[in-house]
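Visitor: Quick one: sequence plus predicted model below, questions after.
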Amino acid sequence: MLVLALSAVCVAGAGAAVIASLASSSSQNEAIATALIPDLEHRNAQSLVEGSPQLTGLGVPESTSTPGRLAVIMEDDARLRVQRDRYLELGESFTAFETDVSLDSVQITGDSATVTFTESTTLQRSPYETGEAAPEYAYSFPQEATLRLHAGTWSVDTLTHETAHTPADFPETVAPDASPAS
């Protein structure tokens, strides 16, 4: 589901041809949000159990990512799968998810856009051993992205949450203790 809830839109250094109307701005914002969704969904799919339709169906977002972003995605995928495996070792597994994006601000300068947005994701957990449904796990947090416009299509170049937040703003990552055993 695509959610466009804009609180600020700024187009800097653009000529009159670029700023044709508010509808054009809305169209650009929708195109930007549409470019972000595959990146976020691919990342979230890495948390799902093997065989999940979303895990197998959401490939690497090649058509909406720059080459630099694709390299980062490939590095992140391995780490995310390790985290998924740690969850499984602890008896926790996720089977599906839903991700929404709400654009908070968009600044377009020529063929570059800087976007702050809020991702809201809900993960469905595997049922308990008794067959009883497990409650969903949900999170929502702001992020920032830069995108590049190439041949009329926006592509994600960077995606981060590090600039505006402290570690206390994020859920704790499950990982083994890295210190050597004594």
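Guide: Yep, it's here. In this text, all values refer to a predicted model and were calculated from it rather than measured experimentally. Residues are numbered from 1 along each chain as shown.
Visitor: Tell me where this protein has helices.
Guide: 22-45, 53-57, 67-89 (DSSP state H).
Visitor: Among those helices, show me which one is buried the most.
Guide: Among the helices of the chain, helix 22-45 has the highest mean neighbour count (mean count of other CB atoms under 10 Å), at a mean of 18. Backbone N, C-alpha and C define where each C-beta goes, glycine included.
Visitor: where does this structure dip in pLDDT?
Guide: 1-24, 162-182 (pLDDT under 70).
Visitor: Check it and tell me which residue is nearest its centre.
Guide: residue 40 (2.4 Å; CA atoms, centre = their mean).
Visitor: which residues does it contact?
Guide: Going by CB atoms under 8 Å, 6 or more residues apart in numbering, residue 40 touches 99, 101, 119, 121.
Visitor: Make a markdown table from those residues and add distance to residue 33 and neighbour count to it.
Guide: Compiled in a markdown table, those are given as follows (distance: CB to CB, whole Å; neighbours: other CB atoms under 10 Å):
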| residue | distance to residue 33 | neighbour count |
| --- | --- | --- |
| 99 | 11 | 19 |
| 101 | 5 | 26 |
| 119 | 11 | 20 |
| 121 | 15 | 19 |
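Visitor: okay, among these, which ones form the most distant pair?
Guide: 101 and 121 (9.7 Å; CB to CB).
Visitor: need the contact list for residue 136.
Guide: 122, 123, 124, 125.
Visitor: Can you verify my assumption that the last one contacts residue 94?
Guide: Yes: with contact defined as CB atoms under 8 Å, residue 125 counts as touching residue 94 (5.9 Å).
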